Every structure is written in C-alpha cells, then in structure tokens.
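S.K.: Let me see the structure of the following:
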Amino acid sequence: MAEAGIDTVSRRTRGLDRAFEILEFLRVKRQPMRPNEIAAEIGAPRSSVYELVNLLLSHGMLDYHGGDGRVNLGRRLYFLGTAYAEQFDLMRECDRMLVRLAEETRETAQMCLLEGRKYTVAMMREGIRPFRISSNVGELVSIPWTASGRLLVSHLSDQEIIDLIPPEDFVLPSGRQMKPAEFIAQVRQASRDGFFTFNSEVENFTHCFAVPVHQADGACIATLCLVTPREDGVRNRTKYLESLLGAANEISEKLGYQRVQRSVDVGGARQGLGQCPVVESLDLRPPSHP
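M.R.: Residues are numbered from 1 along each chain as shown. As a prediction, this is how the structure comes out:
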C-alpha cells in the first residue's frame with residue numbers, strides 16, 4: 001500500500017512538472033499551437049499532453065485560439081499575474097522607477113531579470129523622444145549578450161557562472177566566440193564598479209546601461225537599465241548613470257540592502273565589448289501621444 005501511494009504521488013508530481021513545462025513552452029513560443037505540436041516540440045507523449053492540455057483548459061490556464069484546436073495561455077493567468085504584481089513590492093517599485101527614469105532621461109528604461117539560464121526584460125517604459133528604442137518583454141536572451149548579465153550573475157562563483165550559462169551562449173550574435181574567462185572578468189569588474197555599460201557590437205546605434213538592484217544579502221536580483229542611441233548615451237553618461245544608481249539604490253534600501261557609497265567615474269568607467277540584445281528595433285514613427 002505504501003509503495004502504491006508513493007507511485008501515485010510521483011505520477012502527480014511528473015504531471016505537474018509537465019503542465020508547467022507546457023505553460024512555459026507557450027510563454028516562450030508566443031503563439032498558439034495544437035497539442036500534438038506541443039508534444040513534438042517538448043518531446044512528451046501525445047496522450048499525456050492532450051490530457052494535461054484539457055485539464056489546463058478546464059481551469060482557464062489555457063484558452064482555445066481559433067477553431068482548429070490550437071491553444072494559448074489562458075486569461076486566468078492574467079488574473080494570477082495581477083495578483084502577484086499587487087503583492088510583490090519589487091515589481092511595483094521597479095515600475096514606478098521606470099516611469100521616473102523614462103521621464104528624467106527621455107530614454108527607454110527597463111527592469112531585467114534572470115529567467116532560468118537566460119536573461120529577460122521583465123518590464124519596460126519607452127522614452128519620450130521621436131525615435132524610440134524598444135524590445136520584447138519576456139523574450140529569453142543569452143546572458144553574455146547583455147549589459148545586465150554581468151551584474152545578474154555577480155553573486156555566483158566562477159564555476160557556478162560557467163555551469164549556469166550554456167556553452168553556445170558565449171557565441172555572440174556577431175559570431176565572435178567570447179571566452180568564459182573574459183566574461184567572468186567583466187562580471188567581477190562590473191561588481192566592483194556597481195554598474196556596466198557598453199556599445200552594441202552589432203547594432204551600431206545603441207549604448208546600454210545597467211545597474212544592480214540588491215536584496216538584503218547583497219545578491220543582485222534585478223537590474224535597472226537604459227537603452228539609448230549611442231551618441232546620446234556617451235554624451236549623457238554621467239547623468240544617466242546617476243539617475244539609474246539613484247533609482248536602484250532606493251529600491252535596494254527598501255529591500256534591506258545596506259549600500260556602499262559609490263561615485264561615478266566618467267573617464268575610468270569600463271566599456272564592455274559585446275552585443276546589447278535588449279534592443280529589438282528602432283521605431284522611426286512619431287509618438288502616438290502628444
């Protein structure tokens with residue numbers, strides 16, 4: 001009897017894991033799909049995927065999209081997300097700071113996180129300027145391609161960083177193979193500086209700024225970022241870093257972090273070499289608001 005009970009629990013656990021895998025797959029895929037397509041993509045038995053899809057549909061976690069059996073994330077997830085945002089101070093505080101940063105600098109402001117072994121833009125506020133720089137919120141990106149990546153892994157040991165990042169993610173969009181030791185050296189320098197900035201290696205019009213948000217134990221749990229046209233970023237470097245550091249420090253202090261006072265050294269600050277993939281495109285259309 002005891003073994004039967006253990007088997008039942010084990011099956012339920014595997015089913016729950018598979019259900020979360022389906023939801024995460026659709027979140028990353030960002031398009032409706034049929035259950036058999038999902039099963040093929042995630043390498044799962046079609047019978048179990050069909051069963052779990054029906055269960056998720058019945059609970060509103062998935063919705064049908066169109067009349068051909070395709071499914072996508074359900075509206076109930078939206079209500080769960082709003083409830084999460086209401087009770088999680090970090091998200092609310094970061095959103096408030098992004099509004100402030102976009103108004104102060106006129107540039108695109110972002111809050112970025114680690115998502116598993118990748119980086120993602122979790123929140124974004126576009127700058128008030130005729131030429132907008134935008135990105136896809138929630139898109140998963142290789143950690144070494146980003147300014148934020150140097151800060152988000154700064155609390156890890158060298159070996160933990162190597163274990164976390166897939167080897168293929170050290171190949172930059174330009175095709176250049178970045179050595180893990182080079183990336184780790186930039187991580188340690190960014191931790192000492194308290195920020196990281198660089199020019200995009202591929203998109204020749206952008207400059208990226210990232211500063212850490214620390215929790216009480218000192219670990220970087222998020223970053224606040226600005227993505228700017230290259231010339232504007234270089235010209236306004238001190239102003240932008242001061243705005244970012246001020247906003248990030250306010251949030252960190254509310255999380256219980258005792259910060260070390262830092263000064264921004266315009267001349268001596270490090271410039272990383274790499275791609276800043278948070279930039280999806282330059283929208284050359286005029287803003288829709290006055």
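S.K.: This structure: strands as residue ranges?
M.R.: With DSSP state E as the criterion, the chain has strands at 62-64, 71-73, 108-115, 118-125, 132-134, 196-200, 206-214, 220-229, 271-274, 281-283.
S.K.: Ok, which of those comes nearest residue 190?
M.R.: Of all the strands of the chain, strand 196-200 sits nearest to residue 190, with 3.9 Å by C-beta to C-beta. C-beta coordinates here come from the backbone N, C-alpha and C atoms, glycine included.
S.K.: Could you pull up the mean pLDDT of that closest one?
M.R.: Per-residue pLDDT over strand 196-200 has a mean of 83.
S.K.: Now do it against strand 220-229, angle only.
M.R.: Here the directions of strand 196-200 and strand 220-229 differ by 40 degrees (axes from the mean of the first three to the mean of the last three C-alpha atoms, to 10 degrees).
S.K.: Summarise which helices and strands strand 196-200 is packed against.
M.R.: On a contact count with 3 or more C-beta pairs under 8 Å, 6 or more residues apart in numbering; DSSP states H and E, strand 196-200 meets helix 147-152, strand 206-214, helix 230-235, strand 271-274.
S.K.: hang on, the earlier thing: in a markdown table, list the strands of the chain along with mean neighbour count and distance to residue 48.
M.R.: Listed next are the strands of the chain as a markdown table, based on neighbours: other C-beta atoms under 10 Å; distance: least, C-beta to C-beta, whole Å:
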| stretch | mean neighbour count | distance to residue 48 |
| --- | --- | --- |
| strand 62-64 | 18 | 15 |
| strand 71-73 | 19 | 15 |
| strand 108-115 | 24 | 25 |
| strand 118-125 | 21 | 26 |
| strand 132-134 | 20 | 38 |
| strand 196-200 | 24 | 43 |
| strand 206-214 | 27 | 39 |
| strand 220-229 | 26 | 35 |
| strand 271-274 | 18 | 41 |
| strand 281-283 | 12 | 39 |
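S.K.: least reliable of the ones you listed going by mean pLDDT?
M.R.: For these, where the average pLDDT is lowest is strand 281-283, sitting at a mean of 34.
S.K.: returning to that earlier point: and the helices and strands packed on strand 196-200: which comes nearest residue 94?
M.R.: Residue 94 lies closest to strand 206-214 among these, at 7.3 Å (C-beta to C-beta).
S.K.: just checking, what packs against the closest one?
M.R.: Using 3+ C-beta pairs under 8 Å, 6+ apart, strand 206-214 sits against helix 147-152, strand 196-200, strand 220-229, helix 230-235, helix 237-254.
S.K.: Would you mind putting these into CSV with distance to residue 208 alongside?
M.R.: Output for the helices and strands packed on strand 206-214, formatted as CSV (distance: least, C-beta to C-beta, whole Å):
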stretch, distance to residue 208
helix 147-152, 4
strand 196-200, 6
strand 220-229, 5
helix 230-235, 8
helix 237-254, 10
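S.K.: To residue 172, which of the ones you listed lies closest?
M.R.: strand 196-200 (10.4 Å).
S.K.: in its sheet, what does that closest one sit against?
M.R.: Strand 196-200 has its sheet partners listed here by DSSP bridges as strand 206-214 (antiparallel), strand 271-274 (parallel).
S.K.: then that strand to PDB, C-alphas only?
M.R.: The C-alpha coordinates for strand 196-200 follow below in PDB (Å, rounded to 0.1, in the frame of the first residue of the first chain):
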ATOM      1  CA  PHE A 196      28.100  48.100 -16.500                       C
ATOM      2  CA  THR A 197      27.800  49.900 -19.800                       C
ATOM      3  CA  PHE A 198      28.700  49.100 -23.400                       C
ATOM      4  CA  ASN A 199      28.200  49.800 -27.000                       C
ATOM      5  CA  SER A 200      26.300  47.200 -29.000                       C
END
